[in-house]
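Engineer: One predicted model, sequence on top.
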Amino acid sequence: MADNNCPKCKKSIVAKEAATTSIACSGEECRRRFHRTCVNIDDAVFEAIQKNSMVSFHCDECKNQSPRSFASKLQTIEEKVNKVSNGVNQIQGRMYQQYFQFGNQPLQALGAGSGGMGPGVGPGGPGGLDGKKHPQQNNLIVVGNNCNSDRLQVVCDYGRWVQVGKFATNTSEEDVIDHLAEELKINKNLVKCTKLVKNDANLSQLSYCKFKISIPDYRFNELFNEAIWPSGVMVSPFTPRSQLNQNRL
Ligand SMILES: [Zn+2]
Ligand SMILES: [Zn+2]
């Protein structure tokens, strides 16, 4: 066993004498060895510690493990969890991209015979369904997910809608957008929401209202996450009856 340094005096603990001249801290994640003389463990106490498993030595740092230091540990863990969950979101986003980019194309068009699908499909590469080349086909890698900035106006693809209800009639589109922006950590500007009311409806006679809602395609499936909706809210795919009356119930 090599000599270790005592954390207190920074001097070495002679390995062959360590068993008698030093003592190890019992702190779960500490276990450091100190000179007995540095931490005031006299022979009597030392003997007691060795004979009785109920008696243990904790260094000053471990003794001072206060709720505050516990809280800071928790915060560190929380930050790590957030990083992991951001990573998962990114992976999910990329999967959606792959789907929207390649999902509807026949395998052959993806270049299955010459290098397979994936980032290799680039400008001038294999075309889509119609067999024509797509000169502007790009290879997305990342979809931005910072909802703290309103400065840049972003244009996203919106292909699908859900209808959501039932809400009290005084619920506004703004209320729903605010709620989703917070729950999905998405910029308000990216949430589309329309109150579904017949043109001739008398609001005071309705007992509830519904909304049709969309968010950008690459995150659309998140609208079906039950955890973002208040208890009892029902979410279903919204299929417009026709282009003309799609804003009606
Ligand atoms: Zn020491
Ligand atoms: Zn310790």
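Structural biologist: Cool, got the structure. Ligands and ions are numbered 1, 2, ... in the order given.
Engineer: make it CA atoms for all contacts and neighbour counts henceforth
Structural biologist: Fine.
Engineer: Show me the strands in the chain, by range?
Structural biologist: Using DSSP state E, the strands of the chain run over 4-5, 12-13, 22-24, 33-35, 161-167, 192-196, 209-214, 234-238.
Engineer: With mean pLDDT added, can I get these in CSV?
Structural biologist: Output for the strands of the chain, formatted as CSV (pLDDT from 0 to 100):
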stretch, mean pLDDT
strand 4-5, 89
strand 12-13, 93
strand 22-24, 95
strand 33-35, 95
strand 161-167, 92
strand 192-196, 93
strand 209-214, 94
strand 234-238, 90
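Engineer: how about those strands in CSV, adding mean neighbour count?
Structural biologist: Converted to CSV, the strands of the chain look like this (neighbours: other CA atoms under 10 Å):
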stretch, mean neighbour count
strand 4-5, 16
strand 12-13, 18
strand 22-24, 22
strand 33-35, 24
strand 161-167, 19
strand 192-196, 19
strand 209-214, 23
strand 234-238, 16
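Engineer: wait, which of those strands is closest to K63?
Structural biologist: Evaluated over the strands of the chain, closeness to K63 peaks at strand 22-24, with 13.7 Å, by CA to CA.
Engineer: Walk me through which strands that closest one pairs with, and which way each runs.
Structural biologist: Next to strand 22-24 in the sheet, as set by DSSP bridges, lie strand 33-35 (antiparallel).
Engineer: circling back: okay if I get the strands of the chain as TSV plus distance to V84?
Structural biologist: Below are those laid out as TSV (distance: least, CA to CA, whole Å):
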stretch	distance to V84
strand 4-5	36
strand 12-13	40
strand 22-24	35
strand 33-35	35
strand 161-167	29
strand 192-196	28
strand 209-214	27
strand 234-238	28
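Engineer: Ligand 1 is nearest to which of these?
Structural biologist: Ligand 1 lies closest to strand 33-35 among the strands of the chain, at 4.2 Å (CA to the ion).
Engineer: which stretches of the chain form helices?
Structural biologist: Along the chain, the stretches classed as helices by DSSP state H are 18-21, 43-51, 60-63, 67-102, 173-184.
Engineer: Return the residues in contact with V233.
Structural biologist: The contact partners of V233, by CA atoms under 8 Å, 6 or more residues apart in numbering, come to V164, G165, K166, F167.
Engineer: ok, these vs ligand 2, which is closest?
Structural biologist: Using CA to the ion, V164 comes nearest to ligand 2 of those, at 55.5 Å.
Engineer: is that closest one in a bridge, and if so with what?
Structural biologist: F211, V235.
Engineer: Who are the contact partners of it?
Structural biologist: Residues near V164 by CA under 8 Å, 6+ apart: K210, F211, K212, I213, V233, M234, V235, S236.
Engineer: cool, L184 as well?
Structural biologist: L184 neighbours (CA under 8 Å, 6+ apart): E222, I228.
Engineer: And it, how far from I215?
Structural biologist: 10 Å (CA to CA, to the nearest Å).
Engineer: Just send the helices of the chain back as TSV, with mean pLDDT and distance to ligand 2 too.
Structural biologist: Shown next, in TSV, are those (pLDDT from 0 to 100; distance: least, CA to the ion, whole Å):
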stretch	mean pLDDT	distance to ligand 2
helix 18-21	92	17
helix 43-51	91	15
helix 60-63	87	4
helix 67-102	77	14
helix 173-184	95	42
